[in-house]
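Asker: What follows is a protein structure lacking sequence information:
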């Protein structure tokens, strides 16, 4: 193991390390800690220029209650879920199929189709912006959740295919050969042999895509406007306009907006990290 | 009746014979169609559109390469381009920073798992929130940055209002989540480093930096490659932070190509879709150089297998 395990080093370095660890963490998360403290401060602290001091009173409940009752925040949150969940299902379903096709079968165009998905996944959003917005307008889906979801599914299929294909490549191919010898049809091989083995990949991709889509801001601004369809990332800007300079409410709003992916991360941590680091080890 | 069942058997046997050739295409069809429709075709449409002057509503007028000529004389374009280069260079600092934190955290003391997840935290949060938090951090009236600067006797600095500092200020905000990402890649990589090689290195008297450089870093190659890919793509995609923190200002000093394109095509400054598409094409070509390199590396690896 590198660096040298701490239990094999000198006593003084062990103590230094143990004290350095929490200090480094606090420093690293300082911006977030500040926002968390902001969000429980009373209004008066900001007018009295008590920005970085201890809250003069704990107003956490009032502030967070106001976020949910005094603004469109609940609607934005609901929209975010309505956008994120169908996208996750759609992109994962499509890429299970494409990943299976590219991972199992050998045919000439295989690598080129795979590269099309990979390259498409890397293109700058701006090269798609005008045509996709126009397309969505023409289909009558501008400013609808459906319009946003359809695009997200299509775009995420690129990354998901890369992921699924590499995962399937690593599965033992003998299983499929054996099933073929038994005369199992290709469709049944997918459903009964490969798909059950893909569960960890499906879990990892689901959390990743959930986070990516929840945090999307660009496409939300390009394809939607207004409370009825905008997700919380875009909604937070109008929320901030509504509560200009009310830092305690803006902080509480930001924390509410950031919470679902954070919860997802902590609940599904193992899958999340396995997903992000696929390919980081050979 | 008999006739029908004969054709049916013939059909099913035809399917049976060609099953292995046809199945991949059936599985690929929905994904490919979706992707072509929403990703691949729009790229070509943008190329085409960059030859037109179009406000997004009326008739598009063919202007040939005029948009590119205008781009050539456009100062804002060069500012954006310059900022893109700064983004690319400074963003790469996330890689050594991530490696450094990963080395710091690669221990087995109690609670280290929780530490690792908390260090990774910034990556999970939306860039919109990160941008907001850093805007307050830099705020000239109450931001903690100026409190700190004052404490060491330096004059206050309005980072986001200063043309020379604004891009660096935004990049620092972007480095925060990006470093977390690189850290997690390296933590996974460090887990897989061969302990025998380390022991062999120790016997040969290698330690500290030499050990890191000659024995550890080469083994982290796959992690480094992914870190490079995601960092470069992330740098060229930067949009959210700029939009939230400065909206391109002051006086357009923090624009990058992706933001400038949006500003030209879809904001109160006008709806010049053709001009916007031309900017997007330039950005795309820059990205294409990297994409081609990434694909080339992947291709070599596929061949080697």
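Answerer: Cool, the structure landed. As the structure is a prediction and not an experimental result, all values here were calculated from the model. Numbering: from 1, shown residues only, chains lettered A, B, ... in the order given.

Asker: Any idea which residue is closest to the centre of the chain?
Answerer: Answering for chain A, as no chain was given. In chain A, the C-alpha nearest the mean C-alpha coordinate belongs to residue A:211, at 1.1 Å (Cα atoms, centre = their mean).

Asker: my bad, chain B
Answerer: Short answer for chain B (Cα atoms, centre = their mean): residue B:234, at 1.8 Å.

Asker: How about residue 43: what's its closest non-neighbour residue?
Answerer: The chain I'm using is chain A. In this structure, residue A:43 finds its nearest non-sequential neighbour in residue A:248, 6.3 Å apart by Cβ to Cβ, 6 or more residues apart in numbering or on different chains. Where C-beta positions appear, they are placed from N, C-alpha and C, glycine not excepted.

Asker: You answered for a different chain; I wanted chain B.
Answerer: Closest residue to residue B:43 apart from its sequence neighbours, by Cβ to Cβ, 6+ apart: residue A:127 at 5.5 Å.

Asker: need the contact list for the one you found.
Answerer: By Cβ atoms under 8 Å, 6 or more residues apart in numbering or on different chains, residue A:127 lies in contact with B:42-43, B:46, B:277, B:280-281, B:283-284.

Asker: taking the residues you listed as a set, which two sit the farthest apart in space?
Answerer: Based on Cβ to Cβ, the longest span within the contacts of residue A:127 runs between B:42 and B:283 and measures 14.1 Å.

Asker: domain ranges for the chain?
Answerer: This is for chain A. According to automatic domain parsing, chain A comprises the domains A:18-63, A:69-276.

Asker: Wait, chain B was what I had in mind.
Answerer: Listed domain ranges for chain B are B:2-49, B:73-304 (source: automatic domain parsing).

Asker: out of the ones you listed, deepest packed?
Answerer: Using mean count of other Cβ atoms under 10 Å in any protein chain shown, the stretch among the domains of chain B with the largest mean neighbour count is domain B:73-304, at a mean of 19.

Asker: Give the rounded mean pLDDT of it.
Answerer: Throughout domain B:73-304, pLDDT has a mean value of 90.

Asker: Stretch A:85-94 now?
Answerer: pLDDT averaged over stretch A:85-94 gives 96.

Asker: what residues does it touch?
Answerer: By Cβ under 8 Å, 6+ apart, the residues outside stretch A:85-94 that reach it are A:149, A:152-153, A:156-157, A:160-161, A:202, A:205-206, A:209-210, A:213, B:30-31, B:34.

Asker: And for stretch A:182-201?
Answerer: A:96-97, A:99-100, A:104, A:163-164, A:167-168, A:171, A:175-176, A:179-180, A:271, A:274-275, B:19-20, B:23, B:27.

Asker: Swap in 10 Å and give it another go.
Answerer: Residues outside stretch A:182-201 that contact it (Cβ atoms under 10 Å, 6 or more residues apart in numbering or on different chains): A:92, A:95-97, A:99-101, A:103-105, A:160, A:163-164, A:166-168, A:170-172, A:175-176, A:178-180, A:202, A:205, A:270-271, A:274-275, A:278, B:15-16, B:19-20, B:22-24, B:26-27.

Asker: in that stretch, what's buried?
Answerer: By neighbour count on 16 or more other Cβ atoms under 10 Å in any protein chain shown, the buried set for stretch A:182-201 is A:186, A:189-190, A:193-194, A:198, A:201.

Asker: farthest-separated two in those residues?
Answerer: A:186 and A:201 (19.7 Å).

Asker: Would you report the backbone torsion angles of residue B:153?
Answerer: Main-chain dihedrals, residue B:153, degrees, to the nearest 10: phi 80, psi 20.

Asker: how close does it sit to residue B:145?
Answerer: Counting by Cβ to Cβ, to the nearest Å, the gap from residue B:153 to residue B:145 is 14 Å.

Asker: Give the buried residues for the helix or strand the residue nearest to the centre of chain A falls within.
Answerer: Element membership for residue A:211, per DSSP states H and E: helix A:199-214. Applying a neighbour-count criterion of 16+ other Cβ under 10 Å, one finds A:201-214 buried in helix A:199-214.

Asker: quick check, nearest of those residues to chain B?
Answerer: For these, the closest approach to chain B (Cβ to the nearest Cβ) belongs to residue A:211, at 6.1 Å.

Asker: How about the contacts made by that closest one?
Answerer: Per Cβ under 10 Å, 6+ apart, neighbours of residue A:211: A:84, A:88, A:260-262, A:264-265, A:268, A:272, A:275-276, B:123-126.

Asker: quick one: which of those residues sit in helices?
Answerer: When DSSP state H is applied, those are split such that A:84, A:88, A:260-262, A:264-265, A:272, A:275-276, B:123-124 fall in helices.

Asker: and residue 129, what is it in contact with?
Answerer: I went with chain A, as the question did not name one. Residues near residue A:129 by Cβ under 10 Å, 6+ apart: A:218-219, A:222-223, B:42, B:46, B:258, B:261-262, B:265-266, B:273, B:276-277, B:280.

Asker: nope, chain B
Answerer: By Cβ under 10 Å, 6+ apart, the contact list for residue B:129 reads A:31-32, A:35, A:215, A:232-233, A:236, A:251, A:253-255, A:257-258, B:122, B:240, B:244.

Asker: let's go with 8 Å and repeat that
Answerer: Neighbours of residue B:129 in contact, by Cβ under 8 Å, 6+ apart: A:35, A:236, A:254, A:257-258.

Asker: the helices in the stretch 1-150 of chain A, which residues?
Answerer: Here the stretch 1-150 of chain A has its helices, by DSSP state H, counting those that start in this stretch, at A:11-28, A:30-38, A:43-47, A:60-69, A:73-104, A:110-122, A:126-138, A:145-169.

Asker: can those go into TSV with extra columns for distance to residue B:211?
Answerer: Formatted as TSV, those follow (distance: least, Cβ to Cβ, whole Å):
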stretch	distance to residue B:211
helix A:11-28	17
helix A:30-38	32
helix A:43-47	50
helix A:60-69	48
helix A:73-104	38
helix A:110-122	35
helix A:126-138	44
helix A:145-169	31
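
Asker: Quick check: residues of the stretch 201-305 of chain B near chain A?
Answerer: Within the stretch 201-305 of chain B, the positions adjacent to chain A are B:211-212, B:215-216, B:222-223, B:226, B:233, B:236-237, B:239-240, B:243-244, B:257-258, B:261-262, B:265-266, B:273, B:276-277, B:279-281, B:283-284, B:287, B:290-291, B:294-295, B:298-299, B:302 by Cβ under 8 Å from any Cβ of the partner chain.

Asker: who's in contact with the spatially closest residue to residue B:143 that is not a sequence neighbour?
Answerer: Leaving aside its sequence neighbours, residue B:143 sits nearest to residue B:137 (Cβ to Cβ, 6+ apart; 5.5 Å). Residue B:137 sits next to A:31, A:34, B:143-145 when contact means Cβ under 8 Å, 6+ apart.

Asker: Turn those residues into CSV, columns for distance to residue B:57.
Answerer: CSV is the format used below for those (distance: Cβ to Cβ, whole Å):
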residue, distance to residue B:57
A:31, 42
A:34, 45
B:143, 42
B:144, 46
B:145, 44
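
Asker: hmm, back to that, residue contacts, the residue nearest to residue A:43?
Answerer: Per Cβ under 8 Å, 6+ apart, neighbours of residue A:248: A:38-43, A:45-46, A:59, A:63.

Asker: how about 10 Å then?
Answerer: Contacts for residue A:248 (Cβ under 10 Å, 6+ apart) come out as A:37-46, A:55, A:59-60, A:62-64, A:66.
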